[in-house]
Each structure stands twice: as C-alpha cells, then as structure tokens.
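*Asks:* can't give you the sequence, but here's the structure:
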Ligand SMILES: Nc1ncnc2c1ncn2[C@@H]1O[C@H](COP(=O)(O)OS(=O)(=O)O)[C@@H](OP(=O)(O)O)[C@H]1O
C-alpha cells in the first residue's frame, strides 16, 4: 500500500496510517465502560480541541496529565492502532474521541451508560480545513484544486465518507440524554459558556475559576503553542507545518475566503438536498 492509499472499511475511506483492519475490529468490539465519554466528530470539526477539553472537565481542571502526555495517548481515537497500546493506562473516567459514523460504534456503547458529545462544524469550513490538511499531511493524497476537492467532498470520496451521512447518523442516534450536540461555532463564540454546558452534561460542578482556567488552556493560542497538542512531535514527513499548520486559523467563516459564487451555490444545493425532509435542522444557514 502506498502511503496515500486510504484504508477501506465497511465502504468507508479511512486514513492509511494508524488505521488497520485489526484496529477497526478492536474498536468495534471495544468494551465501553459506563463512565466513558466520547467526543465524536466528522474530521476537522474540533476533535483535537475536545481532546484537550474532556480530561480537564472530567478531572476538575488538573493540568498535570495534559502537560505530560500527548493528546493521542491521553484521549485516544477509538479507531486507531494506538488505543490497544494505551488502553490499560487510561484512568477512569476515560475520555476517547472518534470519527466513526454512528453505525460503526461498538455494540457495548448501546448497552452502557457512557456519554457522547457530538461536535458539528459548518461543512464549508470543514471542507476548507480538510483541504489544507490534505496539503500538509504526507500520508494523504494531494487534494488537487479546490474545485476538485469539493467534488470529492460532496460525493463522500473523502475520509470517513459524506459529511451529510455522518451528521444524519449521529443526529438521529438513539442515545437519549446520553448525547450532547454542540457546535464548533458555539465553542469559538464563547468557550467558557460551552465548557459550562459540557461540564453540566458530564455531571461536574466546576467553579467559575476552574472554567476560566480550562478556557485559557484550551484557547487556540495556548493549544497551538502546546507541544502535547500541536503535533510538533510528529515527524515532518507525516505533518509538514511549513505547508500548513494543524492549528491553521481556528476561526468561523474562513470559507468566505475560498468559495466563489458558483461553488457556494453547488455546495449548498447538494447538502440541502441530502438533508431534505430530515427531522432536525442545521444550526447555521448554508447560504
Ligand atoms: N482551541 C481551538 N480553537 C479553535 N479552533 C481549533 C482549536 N483547536 C483546534 N482547532 C481547529 O480545529 C480544526 C481541526 O479539527 P480536528 O481537530 O477535528 O481535526 S482532525 O479531524 O482531528 O484532523 C482546525 O481548523 P482550521 O484552523 O479551520 O483548519 C484547527 O485549527
């Protein structure tokens, strides 16, 4: 397999590194504990941000593990090879992240009391972020032109499939009050408020001082400078920050700098059509 050839699993394209048939089977049979918390996203929607936030909310703002353990070991991806290596070191309550669609989540999630936070981001900003990620990640194929990448994105010929399928699956998930829906945009607008929301959902009663401390540590600026979160420990051949930084802009609406009128019209009409008749509405206008 060449380094940019994606792995295929249940019809989905997955990254060619850190994902193997073994790790994917391991994920599907993972034994979920009642106290587990999953941060789930379609890629480029705020996953690494949630990796930073979850342990701090769960442990009452103790920065110690955050300063010594890289994010991928601290809050591992459910579907990645790393999980099997670090699982015994994870302390309860465990925090994990995943890009899995709902239908691939382990069966034990459904019988447990574990909680899920699903983070959504405006798909236009998701696509822009993903476009730059494909340019900097040596293990991914070149995205081509913005137009070409947009077609692939809309057809779902990208990692983890169609954005609309991912969102539909998770928005219609039958997890009752065990799932919290939050948006990247809410987090950018008022991180302390989003943290209060997350902390209430997880049954934590954090002081205002702790909320402010977590917000400061999880700001774009702090995370971009933090070696345990900013992927600077990853060899350049995998992630080349000279081509584009993983912590690229961290803003809402960068799509306006990338989409022309025709692209916007096409993108909006495809996404709108695919979500037609669904029982949920999107938190942002697609226009
Ligand atoms: N703290 C904070 N504040 C604001 N924005 C943040 C933060 N942390 C990560 N990000 C931005 O999230 C984008 C990366 O998304 P993911 O972490 O989901 O990427 S991945 O799927 O795990 O590769 C990527 O977005 P873009 O800047 O638009 O490319 C990151 O910059």
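*Replies:* Arrived safely, thanks for sending. This one's a predicted model, so the numbers in the text were calculated from it and none came from an experiment.

*Asks:* is the helix or strand residue 164 falls within up against the ligand anywhere?
*Replies:* When elements are assigned from DSSP states H and E, residue 164 belongs to helix 163-171. No. On the criterion CB under 6 Å from any ligand atom, helix 163-171 is out of touch with the ligand, staying 11.7 Å away. Just so you know, the C-beta spots here come from the backbone N, C-alpha and C atoms, and that holds for glycine as well.

*Asks:* which helices and strands sit right next to that helix?
*Replies:* strand 115-120, helix 123-136, helix 261-275 (3 or more CB pairs under 8 Å, 6 or more residues apart in numbering; DSSP states H and E).

*Asks:* Can you name the next helix or strand after that helix?
*Replies:* Heading C-terminal from helix 163-171 (DSSP H and E), you reach strand 179-183.

*Asks:* ok and that following strand relative to helix 163-171, angle-wise?
*Replies:* Angle of strand 179-183 versus helix 163-171, following axes from the mean of the first three to the mean of the last three CA atoms, to 10 degrees, is 140 degrees.

*Asks:* What lies in contact with strand 179-183?
*Replies:* 115-121, 170-171, 173, 194, 197-198, 201, 283-284 (CB atoms under 8 Å, 6 or more residues apart in numbering).

*Asks:* Now with 10 Å, please.
*Replies:* 37-40, 45-46, 50, 102, 115-122, 167, 170-171, 173, 189, 194, 197-198, 200-202, 252, 280, 282-284 (CB atoms under 10 Å, 6 or more residues apart in numbering).

*Asks:* re earlier: okay, buried residues for the helix holding residue 164 please.
*Replies:* With burial defined by 16 or more other CB atoms under 10 Å, the residues of helix 163-171 counted as buried are 163-171.

*Asks:* again, but for stretch 239-252
*Replies:* Within stretch 239-252, the residues scored as buried using 16+ other CB under 10 Å are 239, 244-248, 250, 252.

*Asks:* for stretch 91-105, same thing?
*Replies:* Buried residues in stretch 91-105 (16+ other CB under 10 Å): 93-102, 104-105.

*Asks:* Among those residues, find me the one that's closest to the ligand.
*Replies:* Nearest to the ligand out of the buried residues of stretch 91-105 is residue 99 (CB to the nearest ligand atom; 6.4 Å).

*Asks:* quick one: which of the buried residues of stretch 91-105 sit in strands?
*Replies:* 95-98 (DSSP state E).

*Asks:* For residue 21, grab the count of nearby residues.
*Replies:* 10 (other CB atoms under 10 Å).

*Asks:* For it, give me its contacts.
*Replies:* Residue 21 neighbours (CB under 10 Å, 6+ apart): 7-9.

*Asks:* for the closest residue to residue 169 other than its chain neighbours, what are its contacts?
*Replies:* Counting by CB to CB, 6 or more residues apart in numbering, residue 102 is the residue found nearest to residue 169 once chain neighbours are left out, at 3.8 Å. Shown in contact with residue 102 (CB under 10 Å, 6+ apart): 40, 109, 116, 118, 165-166, 168-175, 179.

*Asks:* re earlier: just the buried members of the contacts of strand 179-183?
*Replies:* 37-40, 45-46, 50, 102, 115-122, 167, 170-171, 173, 194, 197-198, 201-202, 252, 282, 284.

*Asks:* one step back: from the buried residues of stretch 239-252, pick out the ones that also neighbour the ligand.
*Replies:* 247-248, 250.

*Asks:* Let me know the closest of the residues you listed to residue 210.
*Replies:* residue 250 (22.7 Å; CB to CB).

*Asks:* residue contacts, that closest one?
*Replies:* Going by CB under 10 Å, 6+ apart, residue 250 touches 46, 49, 129, 184, 187-188, 219-221, 223-224.

*Asks:* swap in residue 269?
*Replies:* By CB under 10 Å, 6+ apart, the neighbours of residue 269 are 154, 286.

*Asks:* Report pLDDT for it.
*Replies:* Note on residue 269: pLDDT of 97.

*Asks:* since we're on the residue of the stretch 51-200 of the chain found nearest the ligand, how many residues are nearby?
*Replies:* Nearest residue of the stretch 51-200 of the chain to the ligand, counting by CB to the nearest ligand atom: residue 129, 3.3 Å away. Neighbourhood size, residue 129 [other CB under 10 Å]: 23.
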